[in-house]
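Chemist: Need the 3D shape of this:
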Amino acid sequence: MDVDETEIIYVKELDDEYDKIPQNGQRTVTGVESLRSITSVIKDFQFFVCEKWQLASDRQGSGNTANIGSITSIDDILKGSGIFSRLGEDWFDEYWMNYGVTTMRRAGETITIKRLEDFIEFKRADKSLIVPVTTKRKKKKD
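Modeler: Numbers count the residues shown, from 1 in each chain. A predicted model of the protein is given here:
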């Protein structure tokens, strides 16, 4: 569908000022009874609720801010299988409060901790509690 073919539909019962809507060729006013016959641009919503730490990753959301990133696999998100899911909220909080601030020595060099694996090592905890992150593979162009 081309942008020129887009039709804007207002529902009378949902807009108390529908009679003031300009009636140029692209705008249509209809009633609630017609909604099932209107093709939607989106469908099949799936809703879920979880705590922030359950879907967080150990990386920043973007390279230029300190935003907490998230896991990206839909299956992992719906299962609550984030990188912190075995460690719990306390580990998540401590990791992100110290992100990019805490340092450790490795092979004679000081490194800034920006990976959960390094943080677990720094705290001398069990690395097996880190849930492996599912990564998306880029599709090869034909």
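Chemist: list the contacts for the closest residue to Gly80 other than its chain neighbours?
Modeler: Spatially, and ignoring its direct neighbours in sequence, Gly80 is nearest to Gln54 (4.7 Å; C-beta to C-beta, 6 or more residues apart in numbering). All C-beta atoms are positioned from the backbone trio N, CA, C, and that covers glycine. Under the criterion of C-beta atoms under 8 Å, 6 or more residues apart in numbering, the neighbours of Gln54 are 80, 82, 84-85.
Chemist: which of the residues you listed sit farthest apart?
Modeler: Greatest spacing in the contacts of Gln54, by C-beta to C-beta: Gly80 and Phe84 (10.1 Å).
Chemist: which of those two has more neighbours?
Modeler: Neighbour comparison, Gly80 and Phe84: the larger count goes to Phe84, with 26 against 15 (by other C-beta atoms under 10 Å).
Chemist: picking up where we left off before, let me know the secondary structure of the residue nearest to Gly80.
Modeler: Secondary structure assignment for Gln54 (DSSP: H, G, I helix; E, B strand; the rest coil): helix.
Chemist: ok, it to Arg124 distance?
Modeler: As for Gln54, its distance to Arg124 is 25 Å (criterion: C-beta to C-beta, to the nearest Å).
Chemist: Report the contact partners of the spatially most central residue of the chain.
Modeler: Here the mean C-alpha position of the chain is nearest to the C-alpha of Ser70 (C-alpha atoms, centre = their mean), at a distance of 5.8 Å. Neighbouring residues of Ser70 by C-beta under 8 Å, 6+ apart: 55-57, 61, 77, 82.
Chemist: Grab the nearest non-local neighbour of it.
Modeler: Counting by C-beta to C-beta, 6+ apart, Leu55 is the residue found nearest to Ser70 once chain neighbours are left out, at 5.0 Å.
Chemist: what's the residue nearest to the centre of the chain sitting at in phi/psi?
Modeler: Listed backbone geometry of Ser70 is phi -130, psi 160, with angles given as degrees, to the nearest 10.
Chemist: Then the one 3 residues further on?
Modeler: In terms of degrees, to the nearest 10, the main-chain angles of Ser73 are phi -80, psi 120.
Chemist: burial count for the closest residue to it other than its chain neighbours?
Modeler: Spatially, and ignoring its direct neighbours in sequence, Ser73 is nearest to Thr134 (3.9 Å; C-beta to C-beta, 6+ apart). Using other C-beta under 10 Å as the criterion, Thr134 is surrounded by 14 other residues.
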